[in-house]
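In: Mind looking at a prediction? Sequence and model below.
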Amino acid sequence: MVNSIDNWKIYGDPNAPSQCGKKEVVEDAGCTDWQFKAVLLQKVRETKRVQPTSRGCRGNSAPCLKKRCRKACNDDPECKFYQFQEGESACFLGSTDSIDESNVATPWFGGFVSSERQCKTGFQCPSTQKCVDACDEDCPGYSVNGPESKGRGKNKGKWCLRNAVQSLCFKENWDVAYQGIAVTEWCRGMEKVTVKIDEEMDSRETGESVCRQACCADPDCAMYQMKPSDSNKTGSEMTAGSKIECWLGMESAGGKPKFKCNGKKLKRWRLSASPTGAALTKRGCTDGSIACLTTKTCVDHCRTECMGADNHDEKNGLCRPASSMDSENIAFGRDPKKRLAFKSNLVSGFPTISGKTNKKSFYVNPGKPGFDSTDQVLDIQTHSQKLASPESDLDLSTACDTLKDNDDDETWLCWYENKACQCEFEEPQTCDNWFADGQHLKHVNDDLGLLLFTGEDCSCDANENDDGVFICKFGLLNAIPKLRVSKESEAEIEIKGQKKPVCDRGTCPGFDSCETTKFGEHECGYTCKKGGEEDSYWCSRECNCHVETEEDDKALCKNKKCPNMQECHRIDYGDYGCGYGCHNAEGVFHYCTQDCECES
């Protein structure tokens with residue numbers, strides 16, 4: 001036992017055996033080894049919040065609050081213990097004789113540590129409140145060694161920070177309470193942020209999702225609040241130029257809130273509607289979710305929810321893009337000596353766009369054009385290199401299982417037979433259940449590859465077979481056809497990623513020797529030499545050759561019209577130099593290099 005002021009005592013005997021399971025808080029509670037327990041470092045639910053009076057000091061530092069709250073407890077005849085949080089001018093008085101684990105609030109409420117205590121070396125870890133030598137080794141949830149914070153106060157020093165994956169927000173981690181206090185009434189100390197809508201919004205978005213994304217994008221944001229009139233707006237109502245007002249609750253580097261909520265309606269807002277709000281219980285992708293950095297969200301499945309990053313990297317907790325040796329070797333592709341050759345690969349990889357509709361093209365959305373249909377075309381483009389077709393060498397025996405709405409659904413069965421997915425049903429079906437008409441195209445991303453189906457290749461039997469079931473057949477396409485974003489679209493898109501480049505000239509005229517060279521996934525060419533020259537010539541498959549240097553070649557593109565084109569405009573290809581975008585007489589758009597090598 002250690003004596004303290006005002007007859008308050010701190011009891012503790014590390015050698016005493018444990019004799020009771022309860023956390024006793026009064027001297028005569030009938031437990032011989034009761035002591036100050038760590039349970040008091042969590043917020044006890046059934047406590048009374050009071051505003052303490054000054055007692056020889058003014059302020060909210062730990063030493064001062066200890067004096068002020070102790071006096072508040074002494075003045076209350078029912079008070080058995082007190083709690084406080086440094087920096088908040090409030091005391092929490094408890095009257096119970098014992099504290100059970102179920103009576104404390106989570107997450108951790110906080111004890112008190114002198115505001116002058118800083119890590120003399122290393123970094124301060126917000127999740128453990130300890131000093132560590134390296135954040136990535138000893139600070140759960142914070143793996144980045146942060147810079148030293150300047151100025152005065154508790155945030156001075158070096159703090160561990162989150163990386164991009166640890167900062168993401170999982171949809172299941174949003175709650176209507178912050179540290180046990182509801183955020184459905186306006187809080188104080190919030191930072192107002194006005195989000196301006198610069199372009200047309202996806203109809204699936206809402207005003208609340210805008211503020212939620214704004215909070216998630218700031219690693220210091222722990223909660224948001226907004227007016228219900230803004231939160232209920234749909235994507236179609238948020239036109240370009242409109243604004244959404246968000247109030248964000250920020251935390252310090254150590255995870256301490258810079259705002260205050262009490263879950264009650266404040267007098268100055270008594271006539272205002274209660275806000276829409278939510279708080280993050282924790283950051284990072286948890287409960288089996290995985291980080292998708294292309295959308296900056298946590299997803300359940302990479303292949304279906306993270307466009308362009310199909311591979312599940314469980315070790316690092318994120319979705320990774322499928323890559324080949326050529327795409328991995330990006331440094332070679334950006335070598336300035338080979339930039340023009342790799343620009344041919346870039347141009348060849350772009351989809352072709354035509355302004356005139358071909359009756360043989362297929363559309364992905366029977367309704368009006370929108371973000372959903374655009375996403376479908378992009379998804380097909382992304383997976384065009386991995387088409388699972390009857391003519392491929394892939395084993396399609398299990399590919400058709402993907403057509404089922406639920407893996408556990410045993411009411412119908414699908415299998416691959418005769419270049420089609422065949423499914424059986426207990427009731428008669430028609431193709432109208434899945435396709436608007438014969439030109440409607442649907443796709444499925446299976447682990448095996450991209451599966452393409454059209455309405456014209458669908459058929460359903462009107463009569464049941466010998467087993468008493470009805471069969472529908474969904475034919476698989478062997479190639480990606482020309483596509484339209486929606487049925488109403490006039491422009492056609494031809495995805496060329498599926499086509500393998502062919503360079504079979506052997507050599508180019510005027511050279512002593514040439515070797516076939518692959519310039520990425522979409523284009524090939526030749527590396528040629530002549531006349532004993534040391535430098536090689538990089539030649540396209542049409543044998544347009546260059547001795548490329550490290551000089552900037554953007555000056556090569558002048559305002560001109562390429563042969564057989566109606567009009568052309570200069571295009572900057574970034575690291576790959578420049579080129580042209582041209583339309584021919586039929587209205588087909590072409591991407592062209594600086595030498596007017598055009599892909600159509």
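Out: Cool, got the structure.

In: Every contact and neighbour count from this point should use C-alpha atoms.
Out: Will do.

In: Now do the lengthiest helix in the chain: everything it contacts.
Out: Criterion DSSP state H: the longest helix present in the chain is helix 62-75. Identification of contacts with helix 62-75 by CA atoms under 8 Å, 6 or more residues apart in numbering yields 50, 52-55, 57-59, 79-87, 89-91, 93, 112-115.

In: by contact count, what packs against the helix or strand following that helix?
Out: Beyond helix 62-75 in the direction of the C-terminus, DSSP states H and E gives the next helix or strand as strand 81-83. On a contact count with 3 or more CA pairs under 8 Å, 6 or more residues apart in numbering; DSSP states H and E, strand 81-83 meets helix 62-75, strand 91-94.

In: In the stretch 151-300 of the chain, where is pLDDT below threshold?
Out: 151-156 (pLDDT under 70).

In: show me where it has helices.
Out: Assigned helices in the stretch 151-300 of the chain, in chain order: 207-217, 228-231 (criterion: DSSP state H, counting those that start in this stretch).

In: what do you get for the chain?
Out: Going by DSSP H, the chain shows helices at 62-75, 135-138, 207-217, 228-231, 302-305, 325-328, 330-333, 339-349, 371-382.

In: Any chance of those in CSV with distance to Gly255 and mean neighbour count as columns?
Out: Supplementary listing: those in CSV, determined by distance: least, CA to CA, whole Å; neighbours: other CA atoms under 10 Å:
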stretch, distance to Gly255, mean neighbour count
helix 62-75, 17, 20
helix 135-138, 15, 17
helix 207-217, 15, 21
helix 228-231, 27, 17
helix 302-305, 31, 18
helix 325-328, 39, 12
helix 330-333, 40, 15
helix 339-349, 46, 25
helix 371-382, 37, 18
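
In: these two touch, right, Gly579 and Glu597?
Out: No: taking contacts as CA atoms under 8 Å, Gly579 lies outside contact range of Glu597: 9.2 Å.

In: So for those two, which sits in the more crowded spot?
Out: Gly579 (26 against 19; other CA atoms under 10 Å).

In: residue contacts, that one?
Out: Gly579 neighbours (CA under 8 Å, 6+ apart): 557, 570-573, 591-596.

In: Apply 7 Å and report the result again.
Out: 557, 570-573, 592-594 (CA atoms under 7 Å, 6 or more residues apart in numbering).

In: now swap in Lys264 and tell me
Out: Counting by CA under 7 Å, 6+ apart, Lys264 has contacts Glu185.

In: next one: stretch 124-138 to chain centre, how far?
Out: Distance of stretch 124-138 from the chain centroid (CA atoms, centre = their mean, to the nearest Å) equals 26 Å.

In: now stretch 235-249
Out: Per CA atoms, centre = their mean, the centroid offset for stretch 235-249 relative to its chain is 20 Å.

In: related to what we said a few turns ago, nearest to Glu391, out of the helices of the stretch 151-300 of the chain?
Out: Nearest of the helices of the stretch 151-300 of the chain to Glu391, taken as CA to CA: helix 207-217 at 43.9 Å.

In: what does that closest one rub up against?
Out: With CA under 7 Å, 6+ apart, helix 207-217 has contacts from 168-169, 221, 223-224, 230-234, 244, 246, 248.

In: Next, report how far that helix is displaced from the centre of its chain.
Out: 13 Å.

In: check contacts around the closest residue to Lys171 other than its chain neighbours.
Out: For Lys171, ignoring the flanking residues on the chain, the nearest one in space by CA to CA, 6 or more residues apart in numbering is Cys298 at 7.4 Å. Neighbouring residues of Cys298 by CA under 7 Å, 6+ apart: 168-170, 285, 289-292.

In: So what's the residue count around the residue lying closest to Lys558 once chain neighbours are set aside?
Out: Distances taken as CA to CA, 6+ apart place Arg570 nearest to Lys558, at 7.6 Å, with adjacent residues excluded. Per other CA under 10 Å, the neighbour tally for Arg570 reads 18.

In: Off-centre distance for stretch 413-423?
Out: 35 Å.

In: ok, Ile471 to Tyr224 distance?
Out: 52 Å (CA to CA, to the nearest Å).

In: Looking at these two, which has the bigger crowd around it?
Out: Per other CA under 10 Å, whichever of Ile471 and Tyr224 has more neighbours is Tyr224, with 28 against 23.

In: In contact with the more buried one: list those residues for me.
Out: Per CA under 7 Å, 6+ apart, neighbours of Tyr224: 211-212, 215, 246-249, 277-279.

In: Show me what it is bridged to.
Out: Leu248, Ala278 (DSSP bridges).

In: What segments of the stretch 401-550 of the chain are strands?
Out: Counting by DSSP state E, counting those that start in this stretch, the stretch 401-550 of the chain has strands at residues 413-417, 420-425, 441-446, 449-454, 458-460, 470-475, 483-484, 492-494, 513-518, 524-529, 537-540, 545-546.

In: give me every residue that touches Lys560.
Out: Counted by CA under 7 Å, 6+ apart, Lys560 has contacts Cys568.

In: how many other residues sit next to Gln225?
Out: By other CA under 10 Å, the residues close to Gln225 number 29.

In: go on, Gly263?
Out: 16.

In: How much space separates it from Glu208?
Out: Counting by CA to CA - Gly263 and Glu208 are separated by 20 Å.

In: now do Gln381
Out: Taken as CA to CA, the span from Gln381 to Glu208 is 31 Å.

In: one step back: redo the helices of the chain as a markdown table? Include distance to Lys158.
Out: Shown next, in a markdown table, are the helices of the chain (distance: least, CA to CA, whole Å):
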| stretch | distance to Lys158 |
| --- | --- |
| helix 62-75 | 21 |
| helix 135-138 | 10 |
| helix 207-217 | 22 |
| helix 228-231 | 37 |
| helix 302-305 | 35 |
| helix 325-328 | 36 |
| helix 330-333 | 35 |
| helix 339-349 | 43 |
| helix 371-382 | 42 |
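
In: Of these, which is nearest Ala240?
Out: Across the helices of the chain, closest to Ala240 is helix 207-217 (CA to CA), at 13.5 Å.

In: Any regions of the stretch 401-550 of the chain where pLDDT drops low?
Out: 404-412, 496-499, 547-550.

In: List the contacts of the residue nearest to Asn262 when sequence neighbours are not counted.
Out: Spatial nearest neighbour of Asn262, chain neighbours left out: Ile181 (6.3 Å); criterion: CA to CA, 6+ apart. By CA under 7 Å, 6+ apart, the contact set of Ile181 is 261-263.

In: So which of those residues are in strands?
Out: Secondary structure from DSSP state E places none of these in strands.

In: just these now: which is nearest Glu521?
Out: Cys261 (55.7 Å).

In: does the closest one really touch Arg188, like I thought?
Out: Yes: counting by CA atoms under 7 Å, Arg188 is a contact partner of Cys261 at 6.5 Å.

In: Which one's more surrounded, the two?
Out: Per other CA under 10 Å, whichever of Cys261 and Arg188 has more neighbours is Cys261, with 22 against 14.

In: Just give the nearest non-adjacent residue to that one, would you?
Out: Cys187 (4.6 Å).

In: What's the local residue count around that neighbour?
Out: 22.

In: Please list all residues in contact with it.
Out: Counting by CA under 7 Å, 6+ apart, Cys187 has contacts 259-261.

In: Now tabulate these in CSV and tack on distance to Glu533.
Out: Shown next, in CSV, are the contacts of Cys187 (distance: CA to CA, whole Å):
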residue, distance to Glu533
Phe259, 71
Lys260, 75
Cys261, 76
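
In: ranges for the strands of the stretch 251-400 of the chain?
Out: 276-280, 290-292, 297-299, 311-313, 318-320, 352-354, 362-363.

In: measure Ile471 to Cys423 for me?
Out: For Ile471 relative to Cys423 (CA to CA), the value is 6 Å.
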